[in-house]
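1. Build me a model from this:
(chains A and B, ligands or ions: 2)
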Amino acid sequence: MTLRDLINRLLRREQASGETAKQRLQLVLAHDRSDLNPELLQRMRQEILEVVSRYVEIDVEEGEVSLETEDRVTALVANLPIKRARSLPLIPGLGDSDQSTADPLRRAS
Amino acid sequence: MNATSARTILICSGKGGVGKTTLTANLGIALARQGARTAVIDADFGLRNLDLLLGLENRIVYTAQEVLAGSCRLEQALVKHKQEPNLALLPAGNPRMLDWLKPEDMKTIAAQVGQQSDYVLIDCPAGVEGGFRNAAAAAEEAIVVTTPELSAVRDADRVIGLLNSQGIQPIQLVLNRVRPKMMANQEMLSVQDVTDILALPLLGLVLEDEQVIVSTNRGEPLTLEGHGAGSPAARAYINVARRLCGEDVPLVDPSKERSGLRAKLGRLISKNLF
Ligand SMILES: Nc1ncnc2c1ncn2[C@@H]1O[C@H](COP(=O)(O)OP(=O)(O)OP(=O)(O)O)[C@@H](O)[C@H]1O
Ligand SMILES: [Mg+2]
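-> Ligands and ions are numbered 1, 2, ... in the order given. Here you go, the predicted structure:
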């Protein structure tokens, strides 16, 4: 590590390369293990957002659909902040008794 | 003699050049020195090297090929190590064998070798194709070798997936070419990162060590008495052998170890680390 690297690190301008390696590895392994490439994941994300938006108004900017992996188990994790539930008429084929603000896709991380 | 007592262990990595053959040679000698009847099989038919690392390249008469063809007995093909007669090498056959060699053939060979050994170590070729599949078919358990680098860990992960699907168990990890200084500076994946990500028990940590190259030049594994007996890699390989035999030898995470005089003194006192 050069002095310049050290200074950058101390000033938090740059994260240690070991940390970068770890993050890149976790991401690439999540894709390897699930056999999902980033493009497929992007398409799935788009469709999930569409489906969920039919029921609840979500913050699309903040929404996140990603693969997470722990102990060699990979999970698809969707974290979609809800603004509010849609009013019923927008939901096709749903009876008027079942209005829920629960978010079935949200999981504790 | 118990015919089914041999532990048949695959030494594999996915990525090439991470230290499989070096581990096979050193672990083979270390186990033999502990009194175990040990055989090492060179399953890297394309690019064999195990004979060189053991210094046995000039003593090969027959190979796995003749054994399979039935043109020699197994005892004729097995090359006994000069200084360590508990260790024998079954050399790889001609690379052209790759055209017809099947997983069943490797199973046959390993079973025969296992009849007169306590440990059978199989030096696996790099990659995840035919050569790997043949070698894996013959094994009951596996040691995955990796270095703390992105590509090596990624390839190790792929191999672990394949080993899992073949029901090979247990699978243990040896982390090779560790540079404590870089780890301490977080300029390298840490031991914890690698074991967390691969979710395997750690069987050993081998430091980056110039003595490995010197011993390769001589064809004398570090675990043979006399050469590099005090070198960090030699101790690491001996400890891998001891852990494999069920001995409880503590592991120390080099990225968590503090440098400085006190740490150095500590290291001098407990030479068992790594
Ligand atoms: N701990 C170490 N310190 C220094 N050099 C090492 C260490 N381990 C292995 N090497 C060197 O790395 C190179 C590759 O080692 P080795 O042949 O054992 O790897 P391999 O996994 O068997 O390779 P291949 O995939 O080609 O069969 C060799 O030059 C060896 O000397
Ligand atoms: Mg090799």
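2. Going by C-alpha atoms from here, please, whenever you check contacts or count neighbours.
-> Noted.
3. ranges for the helices of the stretch 1-150 of chain B?
-> B:20-33, B:50-53, B:64-69, B:74-77, B:103-114, B:130-137, B:150-165 (DSSP state H, counting those that start in this stretch).
4. Tell me which of those helices sits nearest to A:Gly63.
-> If you check each of the helices of the stretch 1-150 of chain B against A:Gly63 by CA to CA, helix B:150-165 wins as the nearest, at 28.4 Å.
5. Check which helices and strands the closest one is in contact with.
-> helix A:17-34, strand B:141-146, helix B:191-198 (3 or more CA pairs under 8 Å, 6 or more residues apart in numbering or on different chains; DSSP states H and E).
6. rewinding a little: which stretch among the helices of the stretch 1-150 of chain B is buried most, on average?
-> helix B:20-33 (a mean of 26; mean count of other CA atoms under 10 Å in any protein chain shown).
7. so that helix versus strand B:141-146, what angle?
-> Between helix B:20-33 and strand B:141-146, the angle comes out at 130 degrees (axes from the mean of the first three to the mean of the last three CA atoms, to 10 degrees).
8. and helix B:20-33, anywhere near ligand 1?
-> Yes. Helix B:20-33 comes into contact with ligand 1 (CA under 6 Å from any ligand atom), by way of B:Lys20, B:Thr21, B:Thr22.
9. how close does the last one sit to A:Glu64?
-> When you say that, I think you mean B:Thr22. 45 Å (CA to CA, to the nearest Å).
10. and if you look at B:Glu75?
-> Distance of B:Glu75 to A:Glu64, given as CA to CA: 62 Å.
11. start to end distance for stretch B:202-221?
-> End-to-end distance (CA to CA), stretch B:202-221: 22 Å.
12. out of the helices of the stretch 1-150 of chain B, nearest to A:Gln42?
-> Here helix B:150-165 is closest among the helices of the stretch 1-150 of chain B (CA to CA), at 22.3 Å.
13. For ligand 1, tell me whether the closest one is touching it.
-> No. Helix B:150-165 stays clear of ligand 1 (CA under 6 Å from any ligand atom), getting no nearer than 10.3 Å.
14. Rounded mean pLDDT for stretch A:36-53, please.
-> For stretch A:36-53, the mean per-residue pLDDT is 86.
15. residues of that stretch that come out buried?
-> Buried residues in stretch A:36-53, counted by 16 or more other CA atoms under 10 Å in any protein chain shown: A:Leu41, A:Arg45, A:Leu49, A:Val52, A:Ser53.
16. Keep those residues, but drop any that are not near chain B.
-> Here nothing survives when the buried residues of stretch A:36-53 are matched to chain B using CA under 8 Å from any CA of the partner chain.
17. Let's see which of those residues end up in helices.
-> If you go by DSSP state H, the buried residues of stretch A:36-53 have A:Leu41, A:Arg45, A:Leu49, A:Val52, A:Ser53 in helices.
18. who's in contact with the fourth one?
-> Which is A:Val52. Neighbouring residues of A:Val52 by CA atoms under 8 Å, 6 or more residues apart in numbering or on different chains: A:Ile58.
19. Of the ones in helices among the buried residues of stretch A:36-53, which is the nearest to B:Leu47?
-> Nearest to B:Leu47 among those, counting by CA to CA, is A:Leu41 at 39.3 Å.
20. How about the closest one, nearest residue that isn't a chain neighbour?
-> A:Ser66 (7.7 Å; CA to CA, 6 or more residues apart in numbering or on different chains).
21. roughly how far apart are the one you found and B:Lys107?
-> 42 Å.
22. so where's the chain uncertain?
-> Picked chain A for this. A:1, A:12-13, A:88-109 (pLDDT under 70).
23. Sorry, I should have been clearer: chain B.
-> Using pLDDT under 70, chain B drops low at B:1-4, B:226-229, B:255-274.
24. Might you enumerate the residues of it proximal to chain A?
-> So chain B meets chain A at B:150, B:154, B:157-158, B:183, B:185-190, B:193, B:196-199 (CA under 8 Å from any CA).
25. and with 7 Å instead?
-> Residues of chain B lying close to chain A (CA under 7 Å from any CA of the partner chain) are B:Leu150, B:Arg154, B:Gln186, B:Glu187, B:Met188, B:Leu189, B:Asp193, B:Ile197, B:Leu198, B:Ala199.
26. How many residues are close by B:Pro201?
-> Neighbour count for B:Pro201, taken as other CA atoms under 10 Å in any protein chain shown: 13.
27. give the contact list for A:Leu67.
-> A:Ala30, A:Thr74, A:Ala75, A:Leu76, A:Val77 (CA atoms under 7 Å, 6 or more residues apart in numbering or on different chains).
28. Checking my notes, it in a strand, right?
-> Yes. Checked against DSSP: H, G, I helix; E, B strand; the rest coil, A:Leu67 lies within a strand.
29. any idea how far it lies from A:Ser34?
-> Distance of A:Leu67 to A:Ser34, given as CA to CA: 9 Å.
30. Overlap of the contact sets of those two?
-> With CA under 7 Å, 6+ apart, A:Leu67 and A:Ser34 have common neighbours A:Thr74.
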